[in-house]
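>>> give me the fold of what follows.
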Amino acid sequence: MKVFSLFTKILHHLPSEFSHFVALEGLKLLNSIGMLKFFFKGNSYKHDLEDRDLRNHSHMVGIAAGLDKNADYVDSLGALGVGFVEVGTVTPKPQTGNPKPRIFRNLKEKSLLNRLGFNNKGVDYLVNNLKHKKTNILIGTSIGKNFDTPNERASEDYIYCLEKTYEHSDYIAVNISSPNTQDLRNLSKEEFLSSLLKDLKNNQKKLSLIHGYKPIFIKISPDESLENLNAICKSIKEISLDGVICSNTSIEHNDKNGSGGISGKPLKEKAIKNLIKVREILGTDFTIIASGGVMSSQDYLDRIKDGANFVQIYTGLIFEGPKLIVDILNLSSASRNT
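Got it, this is the predicted structure:
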């Protein structure tokens, strides 16, 4: 692990978005020559991957969406010992996202500010990669809308991506909470949300007859008011969606680099409050994937204690490297044996 820790520190001296690319390409190279299997051979989940329903597994840690937007690196990320990888967010058409620079790393605060804007190569490119993946790890796909699709027609984009990715995914994440696509968060309001969730549920039923049942989770914002959080959870219950990813990045910050969503350590407190409140509202019948501010193995364990069924990491991996996954697996194993 020392070599990965050293590599992580070196990456912190590179521009943020470029360092992400270098890290992922480095993992891809190591995986291609069998080195990741060597380093992480004792650090993986021992579960039956013939059962592809995430909800039937227990307390896994996974990679959050945003790190591998186009499913270019699922084989190498899957080799790190995580239980699942979420790819995307993907849109129907390719789009370049917002102008660079658009990711800003704060080493002192252990935070990332991003305003990427759903940059991706389009759903067809992602699906082709998933068709040719070698890993047997569980795959989630985060779907979104193109920046130029008005909210009144957003459902069309989400359904298009759902139909394209459903067969090749083990679950679907519906991203209506990124702060970096103009007016996207308005989709969480009642005037849009109810009809969107109904459309998703109806198409899920149709697709499940062909490809089996795949759960759908809504990714929510940590900045929602209590009133709107209650309304979102009410819609989820009424429509019988499968659960929530809790939560996305926050726009409530004082980062000197301006607008965008903050993740990492500054998000921790807000993400925990969001998780606890959503679990309280939804009860125990719905699955919650916790995300946001998970920077240590103890953070992982705390999210499970606070009501999460699963936990995702992203910014913690940027700052701590693959050692974070090893630490989580070791602590998780120790806690189950006590």
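>>> beta partners for V90?
Beta-bridge pairing for V90 (DSSP bridges): I143.
>>> same question, the one 5 residues further on
According to DSSP bridges, N120 are recorded as the beta-bridge partners of Q95.
>>> please report how far it lies from E25.
Distance of Q95 to E25, computed by Cβ to Cβ, to the nearest Å: 22 Å. Backbone N, C-alpha and C define where each C-beta goes, glycine included.
>>> these two: who's more crowded?
Q95 (18 against 13; other Cβ atoms under 10 Å).
>>> wait, doesn't that one sit right on N120?
Yes - between Q95 and N120 a contact is recorded at 6.7 Å, counting by Cβ atoms under 8 Å.
>>> how much space separates the residue lying closest to I176 once chain neighbours are set aside from Q204?
Nearest residue to I176 in three dimensions, chain neighbours excluded: L187, at 4.1 Å (Cβ to Cβ, 6 or more residues apart in numbering). Computed with Cβ to Cβ, the distance linking L187 and Q204 is 18 Å.
>>> quick one, which of the two is more surrounded?
L187 (22 against 19).
>>> let me know the pLDDT of that one.
Looking at L187, its pLDDT reads 92.
>>> what about it, which SS state?
With DSSP: H, G, I helix; E, B strand; the rest coil as the basis, L187 sits in helix.
>>> separation between it and V174?
In this view, L187 and V174 are 9 Å apart by Cβ to Cβ.
>>> please identify every residue contacting each of the two.
Each of L196 lies in contact with both L187 and V174 under the rule Cβ atoms under 8 Å, 6 or more residues apart in numbering.
>>> only alpha carbons, please: show the longest helix seen in the chain as CSV.
Secondary structure of the chain per DSSP state H: the longest helix is helix 190-211. Presented in CSV, the C-alpha positions along helix 190-211 are these (Å, rounded to 0.1, in the frame of the first residue of the first chain):
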residue,chain,number,x,y,z
GLU,A,190,-43.4,18.2,-7.2
GLU,A,191,-44.3,19.7,-10.6
PHE,A,192,-41.7,17.5,-12.3
LEU,A,193,-40.8,14.8,-9.8
SER,A,194,-44.0,12.8,-9.6
SER,A,195,-44.4,12.4,-13.3
LEU,A,196,-40.7,11.6,-13.8
LEU,A,197,-40.8,8.9,-11.1
LYS,A,198,-44.0,7.4,-12.6
ASP,A,199,-42.4,7.2,-16.0
LEU,A,200,-39.3,5.5,-14.6
LYS,A,201,-41.4,3.0,-12.7
ASN,A,202,-43.6,2.1,-15.6
ASN,A,203,-40.6,1.6,-17.9
GLN,A,204,-38.8,-0.4,-15.1
LYS,A,205,-41.8,-2.8,-15.0
LYS,A,206,-41.6,-3.3,-18.8
LEU,A,207,-37.9,-3.8,-18.9
SER,A,208,-37.9,-6.2,-16.0
LEU,A,209,-40.1,-8.6,-18.0
ILE,A,210,-37.2,-8.9,-20.5
HIS,A,211,-34.1,-8.4,-18.5
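>>> and it, which residues are buried?
Within helix 190-211, the residues scored as buried using 16 or more other Cβ atoms under 10 Å are 192-193, 196-197, 199-200, 203-204, 207.
>>> can you check stretch 20-33 too?
Within stretch 20-33, the residues that count as buried by 16+ other Cβ under 10 Å are 20, 23-24, 27-28, 30-31.
>>> helices and strands around the helix or strand encompassing S76, which ones?
Element membership of S76 [criterion: DSSP states H and E] is helix 74-78. Packing partners of helix 74-78 (3 or more Cβ pairs under 8 Å, 6 or more residues apart in numbering; DSSP states H and E): helix 16-32, strand 84-90.
>>> residues touching N274, list them.
220, 222, 224, 229, 246-247, 292.
>>> just the residues you listed now: which is nearest I304?
Set against I304, the nearest of the contacts of N274 by Cβ to Cβ is C246 (13.1 Å).
>>> hmm, the closest one is touching I218, no?
No - with contact defined as Cβ under 8 Å, C246 does not count as touching I218 (9.3 Å).
>>> higher neighbour count, these two?
Per other Cβ under 10 Å, whichever of C246 and I218 has more neighbours is C246, with 31 against 26.
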